[in-house]
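Undergrad: Would you be able to build a 3D model of this:
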Amino acid sequence: MQLTKEIFEMIFPKGVFEYFDITNAEATDKEVRITFTEKDNPPFTEDLKGRKIIDKKFHDITITDYPLRGKKTLFTFRRRYWKLEGLKEYLKRDIKLAFPGTQLEKEFAVFLKSGSRDAAAFSSVYRDYP
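TA: From the prediction side, this is the model:
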């Protein structure tokens, strides 16, 4: 079992298993979809301890990651929100999943961004040849 977890940690975004469990996976000839559901572990602070949870809801976020076996890879993260007694707003854990301004996994976005700079630099050199 330990080996399986280590392999998954190499494939999936860093730290994902700290807060999420895999709850679904499916593949077609064109894409792979994996669903992660946030663990039911509210981020209580000292001033919130002892308050009763009166409601829960989910918000799904889908991001694109590196292709797996040549197929588009989509991760859906089912984020949990908790409504606590005496609070107007829902409580949620602050987990950064996507690169700011994108729907791409952070490391994948950085990879694409650096790759586009390298390609631009290469193409400018290539244009200088007769």
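Undergrad: Just give the number of residues close to P42.
TA: 18 (other C-beta atoms under 10 Å). Where C-beta positions appear, they are placed from N, C-alpha and C, glycine not excepted.
Undergrad: so it sits in a strand?
TA: No: P42 is assigned coil when assessed by DSSP: H, G, I helix; E, B strand; the rest coil, not a strand.
Undergrad: for it, what are its contacts?
TA: Contacts of P42 were listed using C-beta atoms under 8 Å, 6 or more residues apart in numbering, and they are 53, 80, 82, 84, 91, 93.
Undergrad: In this structure the fifth one contacts D47, no?
TA: I take that to be L91. No: proximity of L91 to D47 does not meet the contact threshold set by C-beta atoms under 8 Å, at 11.7 Å.
Undergrad: With neighbour count as new columns, can the contacts of P42 be given to me in TSV?
TA: Converted to TSV, those look like this (neighbours: other C-beta atoms under 10 Å):
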residue	neighbour count
I53	13
R80	21
W82	21
L84	18
L91	17
R93	14
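Undergrad: Kindly reformat these as CSV containing secondary structure.
TA: Conversion of these to CSV gives the following (three-state DSSP):
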residue, secondary structure
I53, strand
R80, strand
W82, strand
L84, strand
L91, strand
R93, coil
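Undergrad: So which of those residues is the closest to D60?
TA: Of all the contacts of P42, D60 sits closest to R80, with 11.0 Å by C-beta to C-beta.
Undergrad: all strands for the protein, in order.
TA: 20-27, 31-38, 53-68, 71-84 (DSSP state E).
Undergrad: between those, which gets the lowest average pLDDT?
TA: Here the lowest mean pLDDT among those goes to strand 53-68, at a mean of 88.
Undergrad: Give me the buried stretch members for that strand, please.
TA: By neighbour count on 16 or more other C-beta atoms under 10 Å, the buried set for strand 53-68 is 63-65.
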